[in-house]
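Colleague: fold the following.
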Amino acid sequence: MGVLLATIDSSIMLIAMPDIFRGIQLDPLLPENSFYLLWMILGYLVTSSVLVVSVGRLGDLFGRVRMYNLGFVIYTFASLMLTIDWMTGHAGAIWLLVWRIVQGVGGAFLVGNSGAILTDAFPARQRGLALGINNVAGISGTFIGLILGGLLAPISWRLVFLISVPFGILGAVWAYRKLHDLSTRSGEPIDWLGNVTFAVGLILVMIGITHGIQPHGGHTMGWTSPLVLGCLGGGVALLIAFGIIETRVRYPMFRLPLFKIRAFTFGTLSTFLSALGRGGLMFILIIWLQGIWLPLHGYSFEETPLWAGIYMLPLTVGFLAAGPVSGYLSDRFGARPFATSGMLAAAVTFALLELLPIDFPYPAFAAILLLNGLAMGCFASPNRAAVMNSLPANHRGSGGGMNSTFQNSAQVFSIGIFFTLMITGLAAALPTTLTTGLEAHHVPAAAAQAVAASPPVSVLFAAFLGYNPMQHLLGDNVIAQLPPADSAALTGNTFFPNLISGPFQQGLHIAFGFAIAACLIAAGASAFRGSRYVAELETPVLTHKN
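Modeller: Numbering: from 1, shown residues only. All right, here's what the predicted structure looks like:
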């Protein structure tokens, strides 16, 4: 329940964003509001990524169940605070941002300790199934969040946050009454210098990535802006300093000697690469469905957020079916064959998606999504079990947190990479296509060129949020001056999807090519993990000196 709630909230806002911004009376597509838009989406994920190692380490020190239970309390209280936002405009957005970050803190406590608690509770022969169920709950929560956001937000945007409160209370009461701590406390002091340098460094890198996809100084993206370069440079410098610190302090936060365990190293590398290939996929598929396919098939732009989540359900079904089964089988036969074949199959599904036409037949699309879900589920559960099995009992919290950090960070990096690749593909063809298409419908040349000069990210975000892009980009004044037939055509369901299909397909080819490469490298890393390794059966020497 804890992991399911934490991951539902990582995605529930994606579909609910238009209703949330309408509720607080703020236009998310205005340039001055892009900060709120990006950090509403990514603030929760960035916070949990940064803290998950630290809270796992706190679990090693003070008890994993205690930290896990605290996570339920923080998460539930933050969800309640999000629900009671009474402000509008910028003040209302800041309130939501702050409490989303606090909610991410609670999510980190839940995710960072759940794997270690299960590893403590189950013997090695059953961990694959136990962690598989937990992992499936986490990954499927990402997609369940899309459905919940689409169902609840049109009723009231506050329900998007309120839905978490009763389940959070139930989880907290249940956890405090029933969970028993089986871990051994290390009693070591906290590595404050390591925690601070790691947190600040990772935050700066993620700020740089999220602002890199925004336009700057006449460029379609901001990778050359002083803010982005400064954040990335400062973040990398701090992370390098963090690595040096961790080799010199007596009780480090990041247990670098754990990387001497082959199963842990290659399992974590596979985790990172699979998340890198998968993390931006959801955004790309949502834009594909909301901006092109659903409008072409008769859905209004306002309806597309909910139906995008519904049409992506085969992906969730695949995860739910493959996760526990592959986890159970990996208990008997080891993780390597399942995790490696899962990544190879995932690469095949990306290649199949690339072969689909933009206006695809849905049965073929659904079959590929189902196969992708099966492939990712086949990888995720055995890989997670193998990583946790490889960790000594007194380092499961920090080691599990390290693995989760690589996974969560890769998702943020993936979003930045996928959006960059998509924008690169769009920027080459979209301006000319927009100008020609608008002028053909008697839009004045100056207005058409102004729209064509707008950053491609604005078009992507408009489609992503379920707005009618042409109506939003042209404005009511320009549309009112057009002949009725042209006005109806421009604001209808087919003009924008047909217009963007060609440039969007170019971006898709680049993005899916990257995903294929990431999955193939992840398969190679998984194959090198070695034979089955369980820390209780073999005792590696993990001292700072060696």
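Colleague: give me the mean pLDDT for stretch 360-369.
Modeller: Throughout stretch 360-369, pLDDT has a mean value of 95.
Colleague: can I get it in PDB, CA atoms only?
Modeller: Listed in PDB are the C-alpha atoms of stretch 360-369, where the atom choice follows Å, rounded to 0.1, in the frame of the first residue of the first chain:
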ATOM      1  CA  PHE A 360      -2.200   3.500 -35.800                       C
ATOM      2  CA  PRO A 361      -4.800   0.700 -35.500                       C
ATOM      3  CA  TYR A 362      -5.400   0.500 -31.800                       C
ATOM      4  CA  PRO A 363      -5.300  -3.300 -31.400                       C
ATOM      5  CA  ALA A 364      -1.700  -3.300 -32.700                       C
ATOM      6  CA  PHE A 365      -0.800  -0.400 -30.300                       C
ATOM      7  CA  ALA A 366      -2.500  -2.200 -27.400                       C
ATOM      8  CA  ALA A 367      -0.700  -5.500 -28.200                       C
ATOM      9  CA  ILE A 368       2.700  -3.700 -28.200                       C
ATOM     10  CA  LEU A 369       1.900  -1.900 -24.900                       C
END
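Colleague: mind listing what's buried in it?
Modeller: Using 16 or more other Cβ atoms under 10 Å as the burial criterion, the residues of stretch 360-369 that qualify are 360, 365-366, 368-369. Where you see a C-beta, it was placed from the backbone N, CA and C, and this is true even at glycine.
Colleague: contacting residues for the closest residue to residue 310 other than its chain neighbours?
Modeller: What sits nearest to residue 310 in space, not counting adjacent residues and going by Cβ to Cβ, 6 or more residues apart in numbering, is residue 147, at 6.6 Å. Residue 147 sits next to 15, 306, 309-310, 313 when contact means Cβ atoms under 8 Å, 6 or more residues apart in numbering.
Colleague: check residue 409 too.
Modeller: Contacts here follow Cβ under 8 Å, 6+ apart; on that basis residue 409 touches 49, 202, 206, 272.
Colleague: of the residues you listed, which pair is most distant in space?
Modeller: Within those, 206 and 272 form the most distant pair, 14.8 Å apart (Cβ to Cβ).
Colleague: list the residues that contact residue 16.
Modeller: If you count contacts by Cβ under 8 Å, 6+ apart, residue 16 has them with 149-150, 152-153, 157, 160, 305.
Colleague: 6 Å instead?
Modeller: With Cβ atoms under 6 Å, 6 or more residues apart in numbering as the criterion, the residues that contact residue 16 are 149, 153, 160.
Colleague: just residue 183 next, same as before
Modeller: Counting by Cβ under 6 Å, 6+ apart, residue 183 has contacts 64, 120.
Colleague: so it, which of the three states?
Modeller: coil (DSSP: H, G, I helix; E, B strand; the rest coil).
Colleague: neighbours of the nearest residue to residue 472 once chain neighbours are set aside, just the number please.
Modeller: With Cβ to Cβ, 6+ apart as the measure, residue 462 is the residue that lies nearest to residue 472, at 5.5 Å, once sequence neighbours are left out. As a burial measure, residue 462 scores 24 neighbours (other Cβ atoms under 10 Å).
Colleague: which stretch of helix or strand covers residue 462?
Modeller: Using DSSP states H and E, residue 462 maps to helix 456-464.
Colleague: and the helix or strand following that helix, what does it pack against?
Modeller: Scanning forward in sequence from helix 456-464 by DSSP H and E, the next helix or strand is helix 469-474. Under the contact criterion of 3 or more Cβ pairs under 6 Å, 6 or more residues apart in numbering; DSSP states H and E, the helices and strands touching helix 469-474 comprise helix 456-464.
Colleague: could you rerun that using 10 Å?
Modeller: In this structure, helix 469-474 makes packing contacts with helix 396-439, helix 445-452, helix 456-464, helix 476-480, helix 484-490, helix 495-527, judged by 3 or more Cβ pairs under 10 Å, 6 or more residues apart in numbering; DSSP states H and E.
Colleague: please work out which of those helices is packed deepest.
Modeller: Using mean count of other Cβ atoms under 10 Å, the stretch among the helices and strands packed on helix 469-474 with the largest mean neighbour count is helix 456-464, at a mean of 24.
Colleague: summarise which helices and strands that helix is packed against.
Modeller: With contacts defined as 3+ Cβ pairs under 10 Å, 6+ apart, the packing partners of helix 456-464 are helix 2-23, helix 34-62, helix 281-288, helix 304-311, helix 396-439, helix 469-474, helix 495-527.
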